[in-house]
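Engineer: predicted coordinates and the sequence they were generated for:
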Amino acid sequence: MLHIFDTTDEVLQALAGFFVKSADEAIAQNGQFTVALSGGSSPKKLYELLASDAYKKQIDWKKVYFFFGDERNVPDTDKDSNALMVQTALFDPLKIPAANIFKVNTALSPAQAADDYTDTINHFFDNDLVKFDLVLLGLGDNSHTASLFPHTAILTNKKAEVKEVFLEDQQIYRISFTAPLINQADNIAFLVYGAGKAEAVHHVLEDAENIPEYPAQLIRKNVDWFLDKPAAVRLTK
């Protein structure tokens with residue numbers, strides 16, 4: 001489903017409301033809310049909003065369990081770490097207990113970190129079907145999401161797991177949920193704003209399927225898109 005708003009602030013408020021609603025429903029039904037977070041500059045504003053006075057009392061944060069849909073292969077003290085960004089923007093302001101936060105162990109090799117995180121997730125879900133209540137995603141201007149980058153081996157992975165991804169152009173590793181793992185979630189929400197993302201939004205939502213070029217096309221179940229008008233300007237349908 002598409003949710004298109006005039007301004008970035010309206011997009012962020014709408015997704016914050018969706019986050020609160022998803023949390024309330026999951027906690028009422030299961031006693032907990034499991035969410036996989038995305039990194040980057042766009043969601044940082046969402047996390048800061050959730051930690052603000054307007055939203056922080058709307059959720060029973062002690063019952064929220066946080067995971068990461070992808071992570072950069074850097075120490076969690078590095079400025080590029082998704083975990084560090086979320087720690088600063090969300091976890092510290094809300095005083096989230098460490099026991100509720102599941103980070104990728106980037107002290108391991110990329111392959112070991114991916115296997116270890118797969119084991120961590122499976123253990124949390126009692127080795128049953130891994131079904132997050134919510135997965136938050138962004139969209140790169142090259143149509144990647146999480147660390148599902150164009151023309152990488154992870155795009156053909158059919159298992160619901162975490163895998164390492166090597167980016168040839170940057171000569172770096174990332175660790176990411178596979179598309180099958182993301183698609184098992186009850187709710188998936190893309191946060192995309194700004195004119196710079198309009199081309200990618202058009203490719204993913206309206207072009208013929210071309211997974212190697214537009215990896216975010218892999219995400220196709222229970223998906224809500226939160227867009228501002230500049231990001232949606234190329235959509236025709």
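Structural biologist: On my side now, so go ahead. Numbers count the residues shown, from 1 in each chain.

Engineer: packing partners for the lengthiest helix in the chain?
Structural biologist: Ordering each helix of the chain by length in residues (DSSP state H) puts helix 8-30 first. With contacts taken as 3 or more CB pairs under 8 Å, 6 or more residues apart in numbering; DSSP states H and E, helix 8-30 sits against strand 2-5, strand 33-37, helix 41-50, strand 134-137, strand 188-192, strand 223-228. All C-beta spots, glycine's among them, are computed from the backbone N, C-alpha and C.

Engineer: so which of the ones you listed is nearest Lys21?
Structural biologist: Closest approach to Lys21 among the helices and strands packed on helix 8-30 (CB to CB): strand 134-137, 9.9 Å.

Engineer: contacts for the following helix or strand past the closest one next, please.
Structural biologist: Using DSSP states H and E, the helix or strand that follows strand 134-137 in sequence is strand 162-167. Identification of contacts with strand 162-167 by CB atoms under 8 Å, 6 or more residues apart in numbering yields 73, 104, 110-111, 113-115, 117-118, 121, 147-149, 152-154, 157, 172-178, 181.

Engineer: the residues you listed, buried ones only, as a ChimeraX selection?
Structural biologist: Those of those that count as buried under 16 or more other CB atoms under 10 Å are selected in ChimeraX with:
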select :73,104,110,113,114,115,117,118,121,147,148,149,152,154,157,173,174,175,176,177,178,181
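
Engineer: for Glu206, see how far away the residue in the chain sticking out farthest from the centre is.
Structural biologist: Distance from the C-alpha centroid of the chain peaks at Thr236, with 26.1 Å (CA atoms, centre = their mean). Thr236 is 6 Å from Glu206, where distance means CB to CB, to the nearest Å.

Engineer: so the nearest residue to Ala195 once chain neighbours are set aside is in which element?
Structural biologist: Excluding the flanking residues, the one nearest Ala195 by CB to CB, 6 or more residues apart in numbering is Pro230, at 4.0 Å. Per DSSP H and E: Pro230 is located in helix 229-232.
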